[in-house]
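Participant: With the sequence up front, the predicted model follows.
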Amino acid sequence: MSRGSFRLIAVLLIFGSCLTLLDLVSEGTSSAQQFRQDPSSSSREKSVSPYPSNLVRQGFPAGSYDPEAPERSDTVWEIEWELTHPENRTWYPPGSVLRIKSARFMWKDRNGQPRWITVARMLEIAEIYVPYDNGNTAFLDIHDMPFNMTPARKSFLGPNCVAPGEILSSSNPAWSNIVHKEIHDDGVRWMSAETSGRNEIADRVRRGEKLILWGTYYGANYRYMIEYSFTDDGCITCRIGPSGRNIFNRQKDLGDTHLHIGCWRMEMDLGDPIANVGGPSENDVQIVRRFYNEQTERFTQVVRPFNRNGRGEACEGSAKWVAEEFTTLRVSSKVRKNAHGYPMSYDILSLRYGTLGQLQPEGGTYDADMDFINHDFWVTRTESGFTDYLNVPRYAREKRPLTGHPTTIWLCTPALHVARTEDFDQQDGTNSYGGVAITTWAGFTLKPRDLFDGTPLYTPSPPTRVFRD
């Protein structure tokens with residue numbers, strides 16, 4: 001029986017489930033062993049739905065968006081989403097999760113003409129790794145588990161602050177009523193720092209807006225909110241939010257302290273889907289660091305090819321996130337530029353509370369190369385069989401040059417959960433079934449760089465003459 005199955009059995013005995021132990025043992029465990037022994041067999045590329053695309057189009061400002069004339073909007077997102085299992089009923093691992101199959105963005109250049117970019121062709125939570133500090137408990141909640149997305153509910157939708165939320169339908173009945181769509185205010189996008197002709201403060205602001213697609217991944221005692229946000233200024237934020245019940249009652253030795261590590265994979269594109277210019281094979285992958293120069297006594301931004309070889313080429317490999325360096329990955333088009341000649345790029349920014357580095361094999365990872373999780377970034381060539389985050393060190397071991405090839409970026413972002421009274425019941429503060437864990441979020445943001453010709457969604461005020469008393 002696989003280690004992943006022990007978690008399911010333990011949780012079923014504690015909390016109950018609609019799955020039967022017979023199904024779990026007879027189908028799930030044998031399949032889990034097969035997947036661990038033959039990584040190529042777990043390729044999610046095999047889970048392709050025969051149904052038409054599931055498209056969401058949203059223009060901003062949302063209040064004036066006309067679906068019949070989307071390019072009249074200031075900006076527009078066109079999102080294609082799917083689940084990784086065509087039936088969302090996984091009787092054997094890996095689990096079925098919500099992913100973004102394609103994300104296209106429209107904005108206006110300085111002449112007011114619409115421009116399009118396919119930001120990514122794949123955004124997916126490829127693994128959720130949960131190691132405990134007791135030294136013997138760890139779960140691969142996607143690779144080892146036959147979990148799936150749970151039904152959406154109208155009561156889960158947020159307030160109608162910009163536009164009403166909805167639960168999405170699909171031409172695939174198994175995918176209908178799984179995904180929530182919400183449109184929300186996103187705070188002040190910019191403030192103009194202006195004065196009037198009488199030297200009086202005359203600031204203008206633009207309130208930001210964002211589209212959110214999210215669903216819930218069943219994790220036995222836990223539930224994971226998987227959320228993708230698309231802002232009116234071209235950013236994408238991907239994050240997971242674990243909540244639910246601790247699997248252990250409160251432990252005095254703090255052995256119940258654990259991590260929820262979201263392990264993401266993405267395939268960047270940056271091509272023009274209308275003019276068919278650029279694309280995944282025509283990008284540079286770079287690592288950006290902020291260093292302090294001892295000689296000049298100044299900070300400087302250093303941009304280099306990712307895992308650079310002796311010929312100066314970006315290659316497959318890994319990198320660590322270093323807080324004081326503000327480590328960032330950057331994907332830049334080699335053929336698409338803005339009006340000022342800068343290459344259109346996207347920066348990958350981690351949203352995290354800390355970093356990883358010394359995790360040891362335990363639980364479901366006894367036979368794993370722990371570099372998969374102890375390195376924050378990985379980059380490989382895009383291959384049809386490269387889908388398991390657990391095996392990314394094997395995918396990258398040849399350190400092949402990336403130039404001229406589509407690339408896959410792998411990124412992990414951890415959230416630390418230290419048990420507290422707020423997680424448990426009110427009677428004695430130790431019973432995990434009597435309380436729930438407050439949601440903690442971890443993820444990353446894709447932020448455009450030199451995509452626009454100037455400040456997005458901004459119109460300068462006419463010049464004013466300053467009157468002096």
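Facilitator: Happy to help now that I have it. Numbering: from 1, shown residues only.

Participant: what number of residues lie near the nearest residue to Phe60 once chain neighbours are set aside?
Facilitator: Distances taken as C-beta to C-beta, 6 or more residues apart in numbering put Asp232 closest to Phe60, at 3.7 Å, once the chain neighbours are dropped. C-betas here are computed from N, CA, C, even on glycine. For Asp232, the neighbour count with other C-beta atoms under 10 Å is 27.

Participant: Next, the contact list for Asp232, please.
Facilitator: Phe60, Pro61, Asp74, Thr75, Asp186, Arg189, Gly208, Glu209, Lys210, Pro456, Leu457 (C-beta atoms under 8 Å, 6 or more residues apart in numbering).

Participant: Nearest to Leu168, out of these: which one, please.
Facilitator: Of all the contacts of Asp232, Lys210 has the smallest distance to Leu168: 16.6 Å, by C-beta to C-beta.

Participant: I figured the closest one hits Tyr228, correct?
Facilitator: No - under the criterion of C-beta atoms under 8 Å, Lys210 makes no contact with Tyr228, lying 10.3 Å away.

Participant: buried residues in the longest strand along the chain?
Facilitator: In the chain, with assignment by DSSP state E, the single longest strand is strand 114-131. For strand 114-131, burial by neighbour count (16 or more other C-beta atoms under 10 Å) applies to 115-131.

Participant: Repeat that for stretch 72-83.
Facilitator: Ser73, Asp74, Thr75, Val76, Trp77, Glu78, Ile79, Trp81, Glu82, Leu83.

Participant: What is the nearest of the residues you listed to Pro406?
Facilitator: Nearest to Pro406 among these, with distances taken as C-beta to C-beta, is Glu82, at 19.1 Å.

Participant: so the closest one is in which element?
Facilitator: strand 75-83 (DSSP states H and E).

Participant: The helix or strand that comes right after that strand packs against which elements?
Facilitator: As assigned by DSSP H and E, the chain's next helix or strand after strand 75-83 is strand 98-108. Contacts defined by 3 or more C-beta pairs under 8 Å, 6 or more residues apart in numbering; DSSP states H and E place strand 98-108 against strand 75-83, strand 114-131, strand 205-219, strand 222-231.

Participant: how far out from the middle of the chain is strand 98-108?
Facilitator: 13 Å (C-alpha atoms, centre = their mean, to the nearest Å).

Participant: Strand partners (parallel or antiparallel) of that strand?
Facilitator: Note on strand 98-108: by DSSP bridges, its sheet partners are strand 75-83 (antiparallel), strand 114-131 (antiparallel).

Participant: Let me have these in CSV, adding mean pLDDT and distance to Leu359 as columns.
Facilitator: As requested, the strands paired with strand 98-108 are arranged in CSV below (pLDDT from 0 to 100; distance: least, C-beta to C-beta, whole Å):
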stretch, mean pLDDT, distance to Leu359
strand 75-83, 97, 29
strand 114-131, 96, 6
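
Participant: okay, now Leu416: neighbour count?
Facilitator: Counted with other C-beta under 10 Å, Leu416 comes out at 15.

Participant: Identify all residues paired with it through a beta bridge.
Facilitator: Leu259.

Participant: and of the strands paired with strand 98-108, who's closest to Glu200?
Facilitator: Among the strands paired with strand 98-108, if distance is taken as C-beta to C-beta, the winner is strand 75-83, at 31.6 Å.

Participant: Now the residue most central in space within the chain, what are its backbone angles?
Facilitator: In the chain, the C-alpha nearest the mean C-alpha coordinate belongs to Cys238, at 2.9 Å (C-alpha atoms, centre = their mean). Cys238 adopts backbone torsions of phi -120, psi 130, taken as degrees, to the nearest 10.

Participant: what's the spacing between it and Tyr224?
Facilitator: Cys238 sits 13 Å away from Tyr224, taking C-beta to C-beta, to the nearest Å as the criterion.

Participant: what do you get for Pro151?
Facilitator: Taken as C-beta to C-beta, the span from Pro151 to Tyr224 is 15 Å.

Participant: which of those two has more neighbours?
Facilitator: Tyr224 (27 against 12).

Participant: Return the set of residues that bridge with that one.
Facilitator: Tyr217, Pro242.

Participant: ok, now the one 5 residues further on?
Facilitator: For Ser229, the residues forming beta bridges with it (DSSP bridges) are Ile212, Thr237.

Participant: from memory it sits against Ile212, does it?
Facilitator: Yes - at 5.0 Å, Ser229 counts as touching Ile212 under the criterion of C-beta under 8 Å.

Participant: Can you tell me the number of residues neighbouring Pro93?
Facilitator: Neighbours around Pro93, by other C-beta under 10 Å: 25.

Participant: Also His180?
Facilitator: 22.

Participant: What of Thr257?
Facilitator: Neighbours of Thr257 (other C-beta under 10 Å): 15.

Participant: ok, now which ones touch it?
Facilitator: Neighbours of Thr257 in contact, by C-beta under 8 Å, 6+ apart: Tyr132, Asp133, Leu416, His417, Val418, Ala419.

Participant: coming back round to it: measure how the strand holding Glu82 sits relative to strand 222-231, angle-wise.
Facilitator: Interaxial angle of strand 75-83 relative to strand 222-231 (axes from the mean of the first three to the mean of the last three C-alpha atoms, to 10 degrees): 150 degrees.

Participant: now strand 75-83 and strand 205-219, what's the angle there?
Facilitator: Using the same axes, to 10 degrees: strand 75-83 against strand 205-219 is 0 degrees.

Participant: what's strand 75-83 in contact with?
Facilitator: By C-beta under 8 Å, 6+ apart, strand 75-83 touches 49, 53-60, 70, 96-108, 149, 168, 174-175, 178-179, 211, 213, 228, 230, 232-234, 456-457.

Participant: mind saving the C-alpha coords of it as PDB?
Facilitator: Provided in PDB are the C-alpha atoms of strand 75-83 (Å, rounded to 0.1, in the frame of the first residue of the first chain):
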ATOM      1  CA  THR A  75      -8.100  46.200 -21.500                       C
ATOM      2  CA  VAL A  76      -9.400  42.700 -21.900                       C
ATOM      3  CA  TRP A  77      -8.600  39.200 -20.700                       C
ATOM      4  CA  GLU A  78      -9.500  36.100 -22.600                       C
ATOM      5  CA  ILE A  79      -9.000  33.000 -20.400                       C
ATOM      6  CA  GLU A  80      -9.400  29.400 -21.300                       C
ATOM      7  CA  TRP A  81      -9.600  27.100 -18.200                       C
ATOM      8  CA  GLU A  82      -9.900  23.300 -17.800                       C
ATOM      9  CA  LEU A  83      -9.600  20.600 -15.200                       C
END
